[in-house]
Structure formats: structure tokens, C-alpha cells
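[1] Below are the sequence and a predicted model for it; my questions follow.
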Amino acid sequence: MPRAVRWQSPADPSGPVPWVRHRPGGSAGRCRPALPGAGPVPAGPGGTALTGPAVGGSGSGTMGLELYLDLLSQPCRALYIFARSNNIPFEFKRVQLAKGQHKTEEFRKVNVLMKVPALRDGSFTLAESIAILLYLVQKFKTPDHWYPADLQKRARVDEYLSWQHINIRAKGSKLFLSKVLLPLITGQPLPPEKLEFATEELNVALKQFEEKFLQDKPFIAGSEVSLADLVALVELMQPVCAGYALFEERPALAAWRRRVEEAVGKELFLEAHQEIMNVKNLTADQFAPELLENFKQQLLKQN
Ligand SMILES: N[C@@H](CCC(=O)N[C@@H](CS)C(=O)NCC(=O)O)C(=O)O
């Protein structure tokens, strides 16, 4: 039987992420979202000398680790949470997708694919969130549970990370874009049959996620949180923030969500999701017009 489609308002009504600048250790302006009680994002290895204006950010660091992110994006949130949760020093470079900042020549120098997230570490640049997460795991020797040394546990993490792209991620994103972006662009609500179809597609992936990947374990790789759980949860938050109460009828998934949030830090998790939780407040005039047109063409092509 297909699962009933249930929609609700996002849980958190608070305003957009407040951005603050701070200068730890006298280094030039670095941006981070304000997080009460959390320490500053530590200075990058090798310092953070800044030059001219960067993509949507405060300056262009020439040495330390830079992460180019928009927290409306799921893989960006995974990286942000991972880095902050592990006290990895980085400079937050905000690339606002809605403003088309990922399409600029300046950002192209960081990622020729013109997508976020992206990393710059000195003269080295890297695209693709999974590759970036693995780079950080190895460079900063983060605790083993994130990407276990044990062959079979690691294989479980790899298995999920390989599967998720065209399943949880693709179906969750489609639902999100159809529910939030298409009505914004066209001024019309999505036809119910399209919404139902997109929801059913996601439900199939969720069933597979529960049966194949989570089973009755606390986390995907067993008893401890790993990259797989973090990547999975940030993706599931996208349809949740669009109003699909997917955890409500899935108690095992809801309990797993709580465990993952606790493992990474509830406050940090919430902070990273503040902007997306307010996504329904976005209006068309906040988007670059050419971007809206582009989205419209893409979304209207989908079944
Ligand atoms: N496979 C890539 C996906 C990156 C991606 O699709 N990023 C989106 C935001 S979630 C983006 O930058 N979209 C802008 C565009 O495609 O123009 C990853 O995991 O990093």
C-alpha cells in the first residue's frame, strides 16, 4: 500500500541564519553563522591572510582551508556540520546559489563544475562533497567512527555513500524543488498528482533505506555514527523543510534522526538547518532571474 502523503510546516519558525564576522587571533574577517555557546571557527592551518573580495564572502584567504558553501544545500550542510563537529579549522566562503554566485568566473576558478560545495586548501581545489568529506577525514585524522578503518564497517559506509546519490538525494531533492521552488517560479501550486508521484518515489527510497541500510542498527555502520548517517540525514531534511513530515510515520527513522543529531551536536545541527527551515519565506525576487528561468525549464521537464 502506498504510504499516505502528509505535509506539515517546518518545525522551526526562527529567522534566517544571522551571519557574524569575527577575527580570531587577529586574522582578517571570516564569516560564520552565530552559534550561542560555540567557539569561533578556528583559524586555518597556515593562517588566513585575506586579499580582495571573495564569492559572497568577506575576503579571499590565500593559505588556509576554505569551504565554499550555501547552507540551503544538503551536501554543504554535511560538510559544514562535519567540519564544525570535528573542530576542523576552515574559512566559510558563502556562495549564494539563489543569487547565482556559483555561476561567476570567480567561483569557476574554485570549481569548474560550478556547484557547491567546493574546497580550496592552498593551491589545491576539490569538488564533490563525498570526496571533500574523505579528504577532511584523512587530513585531520578525525575519530575512526566517521569512516571506520575496519574493512567491513567502512564498506557499509561506502555502500551507502555510493547508493544515495540517485536515490535518497535525487528523490528528496526532486520533492523539495517541486514543492518549494516550482510554485515560487510559476506562482502556481504543484498539481497534486505530480506531488504525489514525487512523494511516492521518495517513499520507495525511504523503504529501501530502512530495510537495506539502517535495519535495526542504531546507525548505518553499526553502533556509531559515520559519514553515511550525516550525509543521509541532511538529505532527508530537505523534503522535511519543504513540509513533508516523513519522520512522523517512521518511528525507527525518527529515533535514528535523534541519535544522529545528538552525535553531531543538536545545537550545531539546528544552526546548520536554520536557513533551509525558513525556505518557505523565500520569494522569487530573491533569485537571480536567469537562475529562475533555468530552474523553470529543468523542473517543467521532469515527470
Ligand atoms: N555531487 C555533488 C552535487 C553538488 C550539487 O549538485 N550542488 C548543488 C547544490 S545542492 C548546486 O551547486 N547546484 C547548482 C547548479 O547545479 O547550478 C556533490 O555531492 O557535491
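    Perfect, I can see it now. It should be emphasised that the depicted structure is a prediction, and the values quoted were computed from it without experimental measurement.

[2] How many neighbouring residues does the residue in the stretch 151-300 of the chain positioned nearest to the ligand have?
    Nearest residue of the stretch 151-300 of the chain to the ligand (CB to the nearest ligand atom) works out as residue 165 at 6.5 Å. (Each C-beta comes from the backbone N, C-alpha and C, glycine too.) Look at residue 165: counted by other CB atoms under 10 Å, it has 12 neighbours.

[3] now residue 105
    Neighbour tally, residue 105, other CB under 10 Å: 6.

[4] The ligand versus that one, what's the distance?
    Computed as CB to the nearest ligand atom, to the nearest Å, the residue 105 to the ligand distance reads 15 Å.

[5] Next, count neighbours for residue 297.
    Around residue 297 there are 10 residues (other CB under 10 Å).

[6] The helix or strand that contains it near the ligand at all?
    Using DSSP states H and E, residue 297 sits within helix 289-301. No: with CB under 6 Å from any ligand atom as the measure, helix 289-301 is seen stopping short of the ligand, the closest distance being 7.6 Å.

[7] So which elements touch that helix?
    helix 182-186 (3 or more CB pairs under 8 Å, 6 or more residues apart in numbering; DSSP states H and E).

[8] what comes into contact with the helix it packs on?
    With contacts defined as CB atoms under 8 Å, 6 or more residues apart in numbering, helix 182-186 is touched by 189, 190, 282, 283, 284, 287, 292, 295, 296, 299, 300.

[9] repeat that with 6 Å
    Applying CB atoms under 6 Å, 6 or more residues apart in numbering, the external contacts of helix 182-186 come out as 189, 190, 284, 292, 296, 299.

[10] repeat for stretch 104-122
    Taking CB under 6 Å, 6+ apart as the rule, stretch 104-122 contacts 55, 65-70, 73, 75-76, 79, 95, 102-103, 125-127, 129, 132.

[11] tell me the two of the contacts of helix 182-186 that are most distant?
    189 and 292 (17.0 Å; CB to CB).

[12] Pick out whichever of those two has more residues nearby.
    Between residue 189 and residue 292, counting by other CB under 10 Å, residue 292 is the more crowded of the two (19 against 11).

[13] What residues sit buried inside stretch 81-94?
    Across stretch 81-94, burial judged by 16 or more other CB atoms under 10 Å covers 81, 82, 83, 84, 85, 88, 89, 90, 91, 92, 93, 94.
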